[in-house]
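> No sequence on hand, only this structure:
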């Protein structure tokens, strides 16, 4: 019995040691991911924009690369310049994707005082309640200025500028493509929302729209209606709805078979 007891203690110790090692390994991987996305900050004198940027591996002089703008959800707002990497950043760090789709990837962080494209958080997220015209938020203003700076770089292909966003960021995707339709080759909105009266302005942008059928935060009708309006306008648009999925539809969206292939084949 005594030997058996010692054996059990040893097993427990070994299991705990293994879990500690796995935890340290996971933390190291996360740190490596955050390090790959370089810490940046910019200011217009009134507001500060924190953002992270991933550059292509083996950046070649004289070669042009696509640029991906990623707009996060409401839960990732702040000023730590880390939380915005919570969803989606791993897509572009996958070694196969980095080799196959080299690109500049920008993750700006929206401050808590703003709500993406809106100065303050809307009372509900049904796009029909959004105004058709409204003042551009300080966050979107700074993001546009940041894009202009990057598009002036000789390494950036201005014909392959892409924008992806989820939830609040999906609303930001619609806002940006409606305000600056000539800027983007492709847009991906995941569980986003928009006043559909704005969408004809963006009919020349290639769209992919994702939404969960059981979304209780942002009604699935928002994406269904956006798809119908864009389709009637003659836009190149695809709509993918995940049956039984709730608000976390970015998880199956990021795992959609040709998510990256579709994005990077688009060009103006």
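Happy to help now that I have it. What you see is a predicted model, and the numbers here were worked out from it, not measured in a lab.
> nearest spatial neighbour of residue 230, skipping sequence neighbours?
residue 237 (4.2 Å; CB to CB, 6 or more residues apart in numbering). To be clear about C-beta, it is placed using only N, CA and C from the backbone, and glycine gets the same treatment.
> That neighbour bridge partners, please.
On the basis of DSSP bridges, residue 237 is bridged to residue 207.
> give the contact list for it.
Applying CB atoms under 8 Å, 6 or more residues apart in numbering, we find residue 237 in contact with 206-209, 227, 230-231.
> cool, and residue 71?
Contacts of residue 71 by CB under 8 Å, 6+ apart are 108, 110, 116, 143, 163-166, 168-170, 172-173, 176.
> just to revisit the earlier point, pull out the buried members of the contacts of residue 237.
Among those, those that count as buried by neighbour count (16 or more other CB atoms under 10 Å) are 206-209, 227, 230.
> circling back to that earlier point, of the contacts of residue 237, which is the nearest to residue 99?
Distance to residue 99 across these (CB to CB) is lowest for residue 208, with 22.9 Å.
> check contacts around that closest one.
Residue 208 neighbours (CB under 8 Å, 6+ apart): 186-189, 237-240, 262-263.
> Could you find the closest non-adjacent residue to residue 121?
Take residue 121 and drop its neighbours on the chain: the residue closest to it by CB to CB, 6+ apart is residue 115, 4.2 Å away.
> Please look at that neighbour and residue 172 and confirm they touch.
No - Residue 115 sits out of contact with residue 172 when judged by CB atoms under 8 Å, with a separation of 9.3 Å.
> rewinding a little: mind checking which of the contacts of residue 71 are in strands?
Judged by DSSP state E, those include 108, 163-166 as members of strands.
> Which one (most neighbours) among those?
Of all the ones in strands among the contacts of residue 71, residue 166 has the most neighbours under the rule other CB atoms under 10 Å, reaching 31 neighbours.
> Name the spans of this structure whose pLDDT lies under the cut-off.
By pLDDT under 70, the low-scoring segments of the chain are 1-34.
> quick one, helices of it?
Using DSSP state H, the helices of the chain run over 2-36, 89-93, 95-100, 138-151, 168-179, 220-232, 250-254, 259-265.
> could you check the angle helix 168-179 makes with the fourth one?
Angle, helix 138-151 to helix 168-179, by axes from the mean of the first three to the mean of the last three CA atoms, to 10 degrees: 70 degrees.
> Can you list the buried residues in helix 138-151?
138-140, 142-144, 146-147, 150.
> neighbour count winner among residue 115 and residue 172?
residue 172 (31 against 19).
> Am I right that the more buried one is in contact with residue 117?
Yes - between residue 172 and residue 117 there is a contact under CB under 8 Å: 4.9 Å.
> Need the overlap of contacts for these two.
When contacts are counted by CB under 8 Å, 6+ apart, residue 172 and residue 117 have residue 140 as shared neighbours.
> Which strand residues bridge the residue positioned nearest the centre of the chain?
Nearest to the mean C-alpha position of the chain, by CA atoms, centre = their mean, lies residue 70 at 3.4 Å. Beta bridges link residue 70 to residue 164, judged by DSSP bridges.
> Start the count at 547 instead of 1 going forward.
Will do, 547 is the new start, and the previous item becomes residue 616.
> need the contact list for it.
Contacts of residue 616 were listed using CB under 8 Å, 6+ apart, and they are 630, 634-635, 651-653, 709-711, 715.
> Name the pair among those residues with the greatest separation in space.
Largest separation among those by CB to CB: 635 and 709, giving 15.3 Å.
> Of the buried residues of helix 684-697, which is the nearest to residue 742?
residue 686 (19.0 Å).
> and that closest one, what is it in contact with?
Residues near residue 686 by CB under 8 Å, 6+ apart: 662-663, 718, 721-722, 725.
> can you check residue 709 too?
614-617, 719, 722-723, 730, 732-734.
> cool, and residue 630?
Residue 630 makes contact with 597-598, 616, 618, 622, 653-656, according to CB under 8 Å, 6+ apart.
> again, 7 Å this time
618, 622, 653, 655 (CB atoms under 7 Å, 6 or more residues apart in numbering).
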